[in-house]
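Undergrad: Coordinates for the following, if possible.
(one chain, ligands or ions: 1)
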Amino acid sequence: MVPFRQFLLKIHSRCNLACSYCYVYEAADRSWRDRPRRMELPVVRRTARRIAEHAAEHGLDEVVVVLHGGEPLLVGARHLDALLGVVLGELAGAGTRVRFSLQTNGLRLLDEPALLDVLHRYEVRVGVSLDGTRADHDRHRLLPSGTGSWERTAEAVRLLGSPEHRSLFAGLLCVVDLAADPVATYEALLEFAPPRLDLLLPHATWQSQPAGVRRALPSAPPAGGEPAPYGEWLIAAFDRWFDAPRRETGVRLFEELAVLLLGGRAASEAVGLAPVDLVVVEADGTIEQADSLKVAYDGAAATGLDVWRHGFGDAAVHPSFRARQRGMDGLGAVCGACPLVRVCGGGLYAHRFAGERLLQGEGFLHPSVYCVDLDRLIRHVAGRLRAAARGLGVGGVGGGALFGCSG
Ligand code: SF4
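TA: Modelled structure (predicted):
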């Protein structure tokens, strides 16, 4: 059994934006309708005690608590302060260190400055969702009035990047959009001097395919030559990032691919074969899997567990989590035959879904719907790293997949 180290708490289950691609409110899953708006303190306390128990059982010195939503800052400064105090108190009492992070659209930071005081008090690292240029961001990320949210989000990011608050700024998260220019997107994000970027493929499955593509389930790994627009988009962004004369920022996906190609281990679920170590607690104390699964079907993230009746150890041995902790054994035949599998890992679990949900786990025994894109990107990154290593007179670095890759 692999213990959880990251606990994502859905502290507010509603949002103050209406994004067109939102996987919580716009995808197949409808569970949010039945949830309380915010996570109340008894739920927070029970959750924190469960985390402390789990940490003690597995000898974890430190855990990460990620505050998420909906929009987590809708809880307001007072409740956020109380909530963080409860988590910190329960975990400190058990001798476990906790690192806090939070993912937000940023708007509430402008409306309620006291939130920043609370975030500083608990050293919460804040990531903001921003989709590149004003035009690209405003195509999807809308205020309830229907107007774009770029202006206010940009103001919030500038506030977070100011000297006074820079220590809180974790980075920017951007969803890839084929309608956006990849280099313009990267450079628009760079203007905010983020410590790190994350470029995310839009959540999609074989049933609900990504915008701009229509693919049939493959029976073999990619042979090359298929259209791979998401791969090409990411390659353009990678080259702009990689060719910069000095390091401008980190890009999580590219850095993780490089680590994997050099034989290391990725820290995210998007690529690689590392077992999942993140568990979600909804506002009512329900224990769930990653939110991304909500794109698959109604109830896909559900486990039937909750913090009142179950510990996180029960979740860790639940079949739905075990399916994402088995490395190569958790993949289907196509990925099993793929030369890039140790780097790609079949992509994000949710993106492998192809419909047979009644057979537990088997609906996910497919390659990612982004298979050809991942293949194209990984081969390109491997080629660039190989050429760079040759230029430096380095050979066989790390004994990793980089020099064994055929692409
Ligand atoms: S999803 Fe990844 S590992 Fe699976 S076949 Fe495609 S490229 Fe290979």
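Undergrad: what pLDDT, on average, does stretch 310-317 get?
TA: Here stretch 310-317 scores 95 as its mean pLDDT.
Undergrad: Which residues in that stretch does the neighbour count mark as buried?
TA: Neighbour counts over stretch 310-317 (16 or more other Cβ atoms under 10 Å) mark His310, Gly311, Phe312, Gly313, Asp314, Ala315, Ala316 as buried. Yep, even glycine has a C-beta here, placed from its N, CA and C like the rest.
Undergrad: Would you agree the fourth one is in contact with Glu57?
TA: Yes - Gly313 is within contact range of Glu57, at 6.3 Å (criterion: Cβ atoms under 8 Å).
Undergrad: sec struct for Asn16, please.
TA: Following DSSP: H, G, I helix; E, B strand; the rest coil, we place Asn16 in the coil state.
Undergrad: Spell out, range by range, the helices that occur in the stretch 151-300 of the chain.
TA: 182-190, 229-242, 252-261 (DSSP state H, counting those that start in this stretch).
Undergrad: For the ligand, see how far away Ala94 is.
TA: Distance of Ala94 to the ligand, computed by Cβ to the nearest ligand atom, to the nearest Å: 39 Å.
Undergrad: Tell me the spacing between that residue and Val87.
TA: 11 Å (Cβ to Cβ, to the nearest Å).
Undergrad: Just the closest of the buried residues of stretch 310-317 to the ligand, please.
TA: Nearest to the ligand among those, counting by Cβ to the nearest ligand atom, is Ala316 at 24.9 Å.
Undergrad: between Ala94 and Val87, which one's more packed in?
TA: Between Ala94 and Val87, counting by other Cβ atoms under 10 Å, Val87 is the more crowded of the two (23 against 15).
Undergrad: quick one: contacts for the nearest residue to that one once chain neighbours are set aside?
TA: Computed as Cβ to Cβ, 6 or more residues apart in numbering, the closest residue to Val87 that is not its neighbour in sequence is Ala48, at 4.6 Å. Taking Cβ atoms under 8 Å, 6 or more residues apart in numbering, we find Ala48 in contact with Val86, Val87, Gly89, Glu90, Leu91.
Undergrad: Now restrict those to buried residues only.
TA: For the contacts of Ala48, buried by 16+ other Cβ under 10 Å: Val86, Val87, Glu90, Leu91.
Undergrad: what does the stretch 201-350 of the chain have sitting close to the ligand?
TA: Along the stretch 201-350 of the chain, the residues adjacent to the ligand under the rule Cβ under 6 Å from any ligand atom are Pro221, Val334, Cys335, Cys338, Leu340, Val341, Cys344, Gly346, Gly347.
Undergrad: Which ones among those residues map onto strands?
TA: Secondary structure defined by DSSP state E assigns none of those to strands.
Undergrad: Can you say which of these are buried?
TA: Buried among these by 16+ other Cβ under 10 Å: Pro221, Val334, Cys335, Cys338, Leu340, Val341, Cys344, Gly346, Gly347.
Undergrad: Could you dump the helices of the stretch 151-300 of the chain into a markdown table and include distance to Val157, mean neighbour count and mean pLDDT?
TA: As requested, these are exported to a markdown table (distance: least, Cβ to Cβ, whole Å; neighbours: other Cβ atoms under 10 Å; pLDDT from 0 to 100):
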| stretch | distance to Val157 | mean neighbour count | mean pLDDT |
| --- | --- | --- | --- |
| helix 182-190 | 9 | 20 | 98 |
| helix 229-242 | 19 | 20 | 98 |
| helix 252-261 | 17 | 22 | 96 |
